[in-house]
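Q: Build me a structure from this.
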Amino acid sequence: MKLNWKQRFVALMFVAAAGTGAQAACLVTEVEPNDSDSSASVGLCSGVNVVGSISSSSDAD
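A: Next up, the predicted model:
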């Protein structure tokens, strides 16, 4: 089967997006147990409700 340039372009874009993990899943639970922003969960998305937990009452962030 021979593909025209538009079909090849679409196929190339699909492969490029799939290979890079273009869109990660939105998280619904956030956990940050050790008082550090750098260890917080990533993947928040606009319009998605998230439930969070704090490991202790002394957790500052």
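Q: If we ignore the residues flanking it in sequence, what's nearest Gly52?
A: The shortest distance from Gly52 to any residue that is not its chain neighbour, by C-beta to C-beta, 6 or more residues apart in numbering, is 4.3 Å, and that residue is Glu30. All C-beta spots, glycine's among them, are computed from the backbone N, C-alpha and C.
Q: my bad, should have said Gly43
A: By the measure of C-beta to C-beta, 6+ apart, the closest residue to Gly43 outside its immediate chain neighbours is Leu27, 4.1 Å from it.
Q: State the distance from Trp5 to Asn49.
A: The span separating Trp5 from Asn49 equals 43 Å under the rule C-beta to C-beta, to the nearest Å.
Q: And for Phe9?
A: In this structure, Phe9 and Asn49 are separated by 37 Å, where distance is defined by C-beta to C-beta.
Q: the helices in the chain, which residues?
A: 5-20 (DSSP state H).
Q: which residue ranges form the strands in it?
A: Taking DSSP state E as the criterion, the chain contains strands spanning 29-31, 51-53.
Q: which parts of the last one are buried?
A: Neighbour-count burial for strand 51-53, counted by 16 or more other C-beta atoms under 10 Å, picks out no residue.
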